[in-house]
Each structure stands twice: as C-alpha cells, then as structure tokens.
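In: Here is the input, now give the coordinates:
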Amino acid sequence: MTSRGARALLVLVAAAMVGLAGCASAAPPEDALGADPGSATRNAPGADARPSYLCGGTPVSVEALAARTPVEELAGAAAEALAGAVFDDGTPLVLEDPSAWFVVGTSDREVTLLRPVEPDDAPDAPAADHEQVTVSWVEATNVAGWLVTSLGPCALTIDLGDLGVPLIALDPGRPLDPASREVHLLVTEQACNSGRDADGRIEIVRLDEGDERIEIVLGVRPEGGAHSCPTNPPTPFTVTLTEPLGERTVVDATLYSRPALRAG
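Out: All right, here's what the predicted structure looks like:
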C-alpha cells in the first residue's frame with residue numbers, strides 16, 4: 001500500500017485535466033534510443049531490436065517514451081479514470097506539476113504515467129530517474145472503482161528478458177587508461193543470490209563504441225534455486241574494446257538516462 005507521505009507530493013489531477021495547457025515534458029536526447037552515430041556495435045544474439053524498458057516491474061514501450069503524450073491530452077475513459085482514482089483509504093489521487101507527467105500505457109482497466117526526476121545517488125542500486133503512478137480498475141467485496149495500485153520512484157532500465165539488470169561501476173583499483181583497450185568494472189547483481197557474486201554469469205548484451213563515448217549494456221543470468229537476500233558482493237568484470245579507450249566516456253546504457261560510469 002502507498003504511504004500518506006507519498007500522497008502529499010501530489011496535486012489533484014482532475015483540476016489539471018480542466019485547466020492546464022498541453023505542455024509536454026522535455027524530449028529525450030536524440031540518441032537516447034539508439035547507438036552513438038557512427039559507432040561500432042557488438043550485440044548479443046537477439047539484441048538488435050529497439051529496446052523496451054521497465055520502470056520497476058512496469059513495462060514501458062520505446063514508442064511511449066518517444067511520444068511522451070502529456071497527461072493533459074488524455075480524454076474519455078482514461079481521463080475519467082485518473083480524475084476518479086483514489087488511494088485505498090479514499091484519498092483522491094493528486095499529481096504534483098501535472099505538466100511533467102506523460103502517458104506510457106492505457107487500457108480499459110489500467111492507466112500508467114511517468115515523469116522524469118533528478119536521479120538519486122543511491123550507492124547500492126541503479127539511480128532512480130523517473131516517478132511512476134498506475135491506477136487500476138478494482139472490483140472486490142468492499143470496493144469497485146479506480147484505485148492507485150502503484151506509486152513511487154524507479155530507475156528506467158532496458159528490459160533484458162531473462163537477464164537481471166546489475167549495478168555497474170568502474171573498478172577503482174584498475175582505473176581507466178586511455179592507452180588501453182580494457183575497461184575494468186565492478187558488477188553487482190541486484191537479484192537475491194544468498195550474498196554470492198555473479199562470477200561466470202555476466203553477459204555483454206550490447207557494446208557500442210562511438211567516437212565520444214562507449215555504451216555498455218550488461219546483464220546477469222540468474223542462478224537457479226532458492227536464495228536469501230543479503231547484499232551481493234561486486235564481481236570484477238573486464239570489457240575489451242576494439243580500439244584503445246582514448247578520451248571517450250564510458251556510460252551505462254542499461255539505464256535510460258545513460259549516466260557516465262563512476263568508480264565503485
């Protein structure tokens with residue numbers, strides 16, 4: 001269930017539907033959905049298709065991210081769903097700065113919105129760069145109507161299918177060397193794995209070697225069986241480039257925001 005503290009962050013969406021002009025949020029960078037122009041790309045099998053994304057467990061299509069349809073442009077049943085949505089205790093749904101929110105999914109039983117936020121600086125998880133809200137039609141013994149079923153920040157990440165999205169950092173013990181073809185990383189599995197490392201299970205999903213930056217997408221193949229959930233240790237992992245690094249920036253392209261990698 002959502003907290004009252006989270007509810008306090010919002011402004012009533014019904015008012016936004018009536019009174020605000022259709023002001024779209026900032027568009028993503030021109031290359032946010034593809035490789036660096038002129039880059040040399042090495043992909044894992046099946047990785048050539050344009051990616052879809054996940055906000056937590058919520059699917060977000062690349063088309064929705066490109067369109068960024070403002071919430072004020074919703075009409076009909078979807079607009080009515082948002083205007084009538086409440087939390088489990090009956091508190092109306094409200095949105096802070098409605099012009100910042102855009103639509104990523106609508107159906108006859110669900111509406112999902114996102115808005116960009118300043119990435120947090122959590123040291124043990126991918127940086128949250130969006131906030132998400134989902135309202136769903138719920139029919140139960142004591143309630144029938146549109147309820148807020150999901151609300152909170154998320155790191156918008158590529159959907160890697162069976163692979164998990166890890167936390168990636170530069171290895172401070174082996175810093176970047178412009179004359180070297182090797183990029184030394186520390187990769188931390190986010191899924192429960194009984195506090196063990198990811199040795200032998202890290203895969204390079206995509207490696208784009210552009211003129212100005214190196215974009216890396218890594219995934220971790222889950223280990224089967226039941227596991228407890230202490231923090232997993234980082235696993236050293238080396239990516240070998242086709243040319244020396246030079247002055248190029250190394251970025252984590254698993255994340256939609258594509259941040260430059262920092263030392264762990």
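In: which helix is the longest one in this protein?
Out: If you go by DSSP state H, the chain has its longest helix at helix 76-84.
In: what residues does that helix touch?
Out: With contacts defined as Cβ atoms under 8 Å, 6 or more residues apart in numbering, helix 76-84 is touched by 13-14, 17, 71, 74, 93, 103, 106, 108, 111, 113, 135, 137, 145-146. Where C-beta positions appear, they are placed from N, C-alpha and C, glycine not excepted.
In: Parallel or antiparallel, which strands does whichever helix or strand comes after that helix pair with?
Out: Next helix or strand after helix 76-84 toward the C-terminus (DSSP states H and E): strand 102-106. Strands that pair with strand 102-106, judged by DSSP bridges, come out as strand 69-70 (antiparallel), strand 110-116 (antiparallel).
In: Those strands into a markdown table, with extra columns for distance to residue 129, mean neighbour count and mean pLDDT?
Out: Output for the strands paired with strand 102-106, formatted as a markdown table (distance: least, Cβ to Cβ, whole Å; neighbours: other Cβ atoms under 10 Å; pLDDT from 0 to 100):
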| stretch | distance to residue 129 | mean neighbour count | mean pLDDT |
| --- | --- | --- | --- |
| strand 69-70 | 19 | 18 | 96 |
| strand 110-116 | 6 | 22 | 96 |
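In: Go through the ones you listed and name the closest to residue 171.
Out: strand 110-116 (29.9 Å; Cβ to Cβ).
In: just how off-centre is that closest one within its chain?
Out: 13 Å (Cα atoms, centre = their mean, to the nearest Å).
In: Can you dump the C-alpha atoms of it in PDB for me?
Out: Extracted in PDB, the C-alpha atoms of strand 110-116 (Å, rounded to 0.1, in the frame of the first residue of the first chain):
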ATOM      1  CA  GLU A 110      -5.300   0.500 -16.200                       C
ATOM      2  CA  VAL A 111      -3.600   3.800 -16.800                       C
ATOM      3  CA  THR A 112       0.100   4.400 -16.200                       C
ATOM      4  CA  LEU A 113       2.000   7.700 -16.100                       C
ATOM      5  CA  LEU A 114       5.700   8.600 -15.700                       C
ATOM      6  CA  ARG A 115       7.600  11.800 -15.000                       C
ATOM      7  CA  PRO A 116      11.300  12.400 -15.100                       C
END
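In: which one of the contacts of helix 76-84 is nearest residue 254?
Out: residue 113 (23.0 Å).
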